[in-house]
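>>> How does the following fold in three dimensions:
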Amino acid sequence: LSDLAQTVEDAGGVTFVPALSGLGAPHWAAQATGTIAGMTHATTPAHLARATFEAIAMQIADVFEAMEADAGQPLRALRADGGASANPFLMQLQADLLGRPVDRAEIEEVGALGAAAMAFAALSVATDWPQHSTRFEPAMGDATRGALRDRWKDALRRVTA
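Predicted coordinates:
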């Protein structure tokens, strides 16, 4: 799906809101319904694929913005791990939509590493855990980012009304 999504420059005006069982954090809208908006006769499967990746990144951007609001200050970067973080296209898109760097851990499941580190610490065993990551820097302009975020927020308003 990632390869298909990368064959187009943008989602062609398509916005996918994957609220198939409501919206979770930070919206908490159980009544929200999923939608695909902005489709035309020119919409291709590649546009739908790209809109799907944008939806994933938009939801994370929403949580990131909520965290910044709660913290009362901007966050410097997002640290990512887990299965989805293995997709470089998604990580770059995430950095672009956040306007902040995304640091992807080289170890896919950092949570498991953390549990192991805690176990070793409890046993007073010294370890030298790897701290390597790949950094994705934002490359999208502010105007493009703003327009995409506005389109996403408009779609959210429609599905939560």
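>>> all strands for the chain, in order.
15-17, 35-37, 78-80, 102-105, 133-136 (DSSP state E).
>>> export those strands to a markdown table and tack on mean pLDDT and distance to Gly146?
Every residue, glycine included, has its C-beta placed from N, CA and C. Shown next, in a markdown table, are these (pLDDT from 0 to 100; distance: least, Cβ to Cβ, whole Å):
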| stretch | mean pLDDT | distance to Gly146 |
| --- | --- | --- |
| strand 15-17 | 98 | 15 |
| strand 35-37 | 96 | 18 |
| strand 78-80 | 93 | 19 |
| strand 102-105 | 93 | 19 |
| strand 133-136 | 93 | 20 |
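>>> For Met58, find the nearest of these.
With Cβ to Cβ, the closest approach to Met58 among the strands of the chain belongs to strand 15-17: 8.5 Å.
>>> Turn the strands of the chain into JSON lines, columns for mean neighbour count and distance to Trp28.
Putting the strands of the chain into JSON lines (neighbours: other Cβ atoms under 10 Å; distance: least, Cβ to Cβ, whole Å) gives the following:
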{"stretch": "strand 15-17", "mean neighbour count": "23", "distance to Trp28": "15"}
{"stretch": "strand 35-37", "mean neighbour count": "15", "distance to Trp28": "18"}
{"stretch": "strand 78-80", "mean neighbour count": "18", "distance to Trp28": "21"}
{"stretch": "strand 102-105", "mean neighbour count": "22", "distance to Trp28": "25"}
{"stretch": "strand 133-136", "mean neighbour count": "17", "distance to Trp28": "29"}
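>>> Dump those strands to TSV, plus distance to Met91.
Formatted as TSV, the strands of the chain follow (distance: least, Cβ to Cβ, whole Å):
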stretch	distance to Met91
strand 15-17	19
strand 35-37	24
strand 78-80	6
strand 102-105	5
strand 133-136	5
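>>> Of all those, which one comes closest to Ala115?
Taking the strands of the chain one by one with Cβ to Cβ, strand 102-105 is closest: 14.4 Å.
>>> List the strands paired with that closest one, with their directions.
Strand pairing for strand 102-105, using DSSP bridges, gives strand 78-80 (parallel), strand 133-136 (antiparallel).
>>> And the contacts of it?
With contact meaning Cβ atoms under 8 Å, 6 or more residues apart in numbering, strand 102-105 is reached by 77-81, 85, 91-92, 94-95, 132-136.
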